[in-house]
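Engineer: Generate coordinates for the sequence data below:
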Amino acid sequence: MTTGSTSQLQQDRAQAPVRHALSKVPEVTALFWIIKVLTTGMGETTSDYLANQLLGPPVAVCLAGVALVAALGLQFYVRRYVAWIYWLAIVMVSVFGTMAADVLHVGLGVPYIASTTFFVLALAAVLGLWYTTEKTLSIHSIHTRRREMFYWATVMTTFALGTAAGDLTAVPLHLGYFSSGVMFAVLFAVPALGFWLFRLNAIVAFWFAYIVTRPFGASFADWAGVPHSRGGLALGTGPVSLAVAVVILGLVGYLAVSRKDIATGGPQHSRQ
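Structural biologist: Reported below is the predicted structural model:
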C-alpha cells in the first residue's frame with residue numbers, strides 16, 4: 001500500500017464518526033419556524049384545493065400518498081440534511097396529513113373531537129415508543145435510520161393532530177378560523193416564553209411548539225381561502241396555496257444557498 005493511499009485511509013477513518021453524526025434535520029432558527037408555519041398553511045389549502053376543486057378526494061389522496069412516499073424516500077436516501085429535499089418532504093406530509101384528518105371526518109363521519117383525541121393518543125404512542133427505544137426525543141440526535149423513522153412518524157402524526165384540532169376549534173367550538181389562528185398563535189408563544197423565562201425543557205418546548213404550528217398556520221390559511229359565508233376572506237384555496245408556495249420556495253432557496261440552517265459542531269449533538 002502506498003504512502004498516499006495509507007494517508008487517505010487514515011483520513012477517511014478519522015472522518016467516519018463525523019459522517020455518521022451528520023444531522024438529517026435543520027437547525028432550529030427563526031426561519032425554521034417561519035417556513036414550518038407556512039408549510040402548514042400551504043398543506044391545508046392545497047389539500048382542500050386538490051380534493052374539493054381539482055381532482056376529487058379519491059384521486060387527490062392517492063396522488064398525495066404517492067408523492068409523500070417519493071418525497072420521504074428521497075429524504076431517507078440522502079445521507080445528510082439537504083434543504084429542498086427536507087422541506088419537500090414536510091410539504092407533502094402537510095398535504096397528506098390534512099387529507100388523512102379530513103378523511104376521518106368527511107369520509108367516515110368521525111367527529112372532530114374523536115379524531116383529535118385519536119391523534120393525541122397516536123402521537124403519545126409514537127413519542128413514548130421513540131423515547132423508550134432511543135432514550136431521547138432530541139432532534140439534534142437524528143443520526144441513525146431508526147431515529148429518522150421515529151422523527152418522521154412523529155412529524156406526520158403532529159400534522160394530522162394539528163389539522164383535527166384546528167378544525168375542532170374553528171367549526172364545532174364556533175371560534176372561526178381567524179380566532180382559532182389567534183388562539184394558536186398565543187399557544188405557539190407559550191413554550192418560547194417558558195424556555196426563555198422559566199427554563200422549560202428544550203425538547204418539551206420544541207415539540208409543543210411544533211404541534212401548535214399546524215393549527216396555527218392552517219387556521220390562518222383557511223381564513224384567507226374560504227368564502228365569506230364561512231368567515232373567510234374568499235381569496236380561494238388555489239391562489240392562497242400558490243402564493244404561500246412562492247414564499248416557501250424563496251426562503252428554502254435562501255437557506256440552500258446561505259446554509260444558515262446547517263447544524264454545526266459535529267458529533268456533540270448526539271449527546272443532547
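Engineer: and Y151, what is it in contact with?
Structural biologist: Y151 makes contacts with 24-25, 139, 142, as judged by C-beta atoms under 8 Å, 6 or more residues apart in numbering. No exception for glycine: its C-beta is placed from N, CA and C like everyone else's.
Engineer: Recalculate using a threshold of 6 Å.
Structural biologist: Contacts for Y151 (C-beta atoms under 6 Å, 6 or more residues apart in numbering) come out as I142.
Engineer: distance of it from L108?
Structural biologist: In this view, Y151 and L108 are 28 Å apart by C-beta to C-beta, to the nearest Å.
Engineer: do L197 as well
Structural biologist: From L197 over to L108 (counting by C-beta to C-beta), the distance is 43 Å.
Engineer: Now do the buried residues in stretch 61-74.
Structural biologist: Neighbour counts over stretch 61-74 (16 or more other C-beta atoms under 10 Å) mark 61, 64, 67-68, 71-72 as buried.
Engineer: My guess is F96 contacts A64. True?
Structural biologist: Yes. Using C-beta atoms under 6 Å as the test, F96 is close enough to A64 to be in contact (4.7 Å).
Engineer: Same list (the buried residues of stretch 61-74) but as a markdown table, adding distance to T158.
Structural biologist: As requested, the buried residues of stretch 61-74 are arranged in a markdown table below (distance: C-beta to C-beta, whole Å):
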| residue | distance to T158 |
| --- | --- |
| V61 | 19 |
| A64 | 17 |
| A67 | 19 |
| L68 | 15 |
| A71 | 17 |
| L72 | 15 |
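Engineer: from these, which single one is nearest V252?
Structural biologist: Relative to V252, the closest of these is A71; by C-beta to C-beta it sits at 13.5 Å.
Engineer: how about the closest one, secondary structure?
Structural biologist: Reduced to three states with DSSP: H, G, I helix; E, B strand; the rest coil, the structure at A71 is helix.
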